[in-house]
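Novice: structural data only, the sequence is not supplied:
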């Protein structure tokens, strides 16, 4: 079995079979990351395809200072961010009305906040709705910081933003998220 | 209550890892796209050329303005130019 660096060297020479082996090895991780941002499975596939096409085109610029996986995840985060910005520009409809299950979960939460089930599908749907309303940079930073539980330094490396910029964006994102959560509570109280 | 709800919702999102399943033979689709090469969008190419040209034009006009200002900023001959241009209106009887 060839190592990653052997496969990368061969792929740089134009050996597509070696690049295919890299795709097969790393695509589950890229799919997992893309599914955090994209709304439909076809969008997820488009993001993953874009990531690997860019990886192939930029393979010459990869310097083996960090593992290939880190480099690829940086590309993935950039592609996901581009996807979020394009989706925002095309003004994809975000459905704001709560479904019956979400409404019931909110009622249970308001009756007994501690007892509300975190494992419920409705809770996950509610948080996806809140995240979908955030601007692209805020959504990206909240996902990396709160859901993937990465450090500010890691986010800075993944996104290419400076550490202070990540902190500023995280602060702003939390404020925006808080406003949307408040709106959810207000909507339920009415 | 707001903070509690925020914590609960984030915890709910953290509990489930997004699935890492891959569609069948997806790597083939990627390789086919790589072999097909980039799709050329003529509008994008034009847009890129025009935006570069626009930036260059703005740069040239700024440089020309700066140069003109430095050269003629305190030039008192400007009114003469004005007289020459408006001479035909000031002296309608004169023919050249």
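Specialist: That came through, no problem. Source: prediction; values computed, not measured. Numbering: from 1, shown residues only, chains lettered A, B, ... in the order given.
Novice: give me the number of residues near residue B:32?
Specialist: Using other Cβ atoms under 10 Å in any protein chain shown, residue B:32 is surrounded by 10 other residues. Where C-beta positions appear, they are placed from N, C-alpha and C, glycine not excepted.
Novice: so it is in which element?
Specialist: helix B:26-36 (DSSP states H and E).
Novice: ok, residues contacting that helix?
Specialist: A:16, A:19-20, A:23-24, A:27, A:45, A:48-49, A:52-53, A:56 (Cβ atoms under 8 Å, 6 or more residues apart in numbering or on different chains).
Novice: any bit of the next helix or strand after it sitting next to chain A?
Specialist: Next helix or strand after helix B:26-36 toward the C-terminus (DSSP H and E): helix B:42-72. No. Helix B:42-72 is not in contact with chain A by Cβ under 8 Å from any Cβ of the partner chain; minimum separation 13.9 Å.
Novice: go through helix B:42-72 and flag the buried ones.
Specialist: Within helix B:42-72, no residue counts as buried by 16 or more other Cβ atoms under 10 Å in any protein chain shown.
Novice: what packs against it?
Specialist: For helix B:42-72, not one helix or strand is in contact under the criterion 3 or more Cβ pairs under 8 Å, 6 or more residues apart in numbering or on different chains; DSSP states H and E.
Novice: does chain B have contacts with stretch A:77-84?
Specialist: No. If you take Cβ under 8 Å from any Cβ as the test, stretch A:77-84 misses chain B, and the best it gets is 11.8 Å.
Novice: then stretch A:142-156?
Specialist: Yes. Against chain B, stretch A:142-156 shows contacts by Cβ under 8 Å from any Cβ at A:146-147, A:149.
Novice: make CSV from the residues you listed and add neighbour count, pLDDT and secondary structure to it.
Specialist: Output for the residues of stretch A:142-156 next to chain B, formatted as CSV (neighbours: other Cβ atoms under 10 Å in any protein chain shown; pLDDT from 0 to 100; DSSP: H, G, I helix; E, B strand; the rest coil):
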residue, neighbour count, pLDDT, secondary structure
A:146, 22, 91, helix
A:147, 17, 91, helix
A:149, 9, 92, coil
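Novice: thinking again about what came up before, pick out the lowest-pLDDT one from the contacts of helix B:26-36.
Specialist: In terms of pLDDT, the weakest of the contacts of helix B:26-36 is residue A:16, which scores 89.
Novice: from residue A:177, how far out is that one?
Specialist: Distance, residue A:16 to residue A:177, by Cβ to Cβ, to the nearest Å: 43 Å.
Novice: quick one, which of those two is more surrounded?
Specialist: For residue A:16 and residue A:177, the more surrounded residue by other Cβ under 10 Å is residue A:177, and the numbers stand at 22 against 15.
Novice: hmm, the helix or strand containing that one in reach of chain B?
Specialist: For residue A:177, the element it lies in under DSSP H and E is helix A:163-189. Yes. Applying Cβ under 8 Å from any Cβ, one finds helix A:163-189 touching chain B at A:177-178, A:181-182, A:184-185.
Novice: what's the weakest-modelled helix or strand in chain A?
Specialist: Least confident helix or strand, chain A: helix A:100-111 with a mean of 81, by mean pLDDT, DSSP states H and E.
Novice: okay, the angle between it and helix A:163-189?
Specialist: 90 degrees (axes from the mean of the first three to the mean of the last three Cα atoms, to 10 degrees).
Novice: buried residues in the helix holding residue A:177, which are they?
Specialist: Neighbour counts using 16+ other Cβ under 10 Å place A:166, A:169-170, A:173-174, A:176-177, A:180-181, A:184 of helix A:163-189 among the buried residues.
Novice: and stretch B:15-27, by the same measure?
Specialist: Those would be B:18, B:22, B:26-27, for stretch B:15-27 by 16+ other Cβ under 10 Å.
Novice: now swap in stretch B:84-96 and tell me
Specialist: By neighbour count on 16+ other Cβ under 10 Å, the buried set for stretch B:84-96 is empty.
Novice: and stretch A:139-156, by the same measure?
Specialist: So, applying 16+ other Cβ under 10 Å, buried residues of stretch A:139-156: A:139-147, A:150, A:152, A:154-156.
Novice: same question for the helix holding residue B:32, mean pLDDT?
Specialist: pLDDT averaged over helix B:26-36 gives 91.
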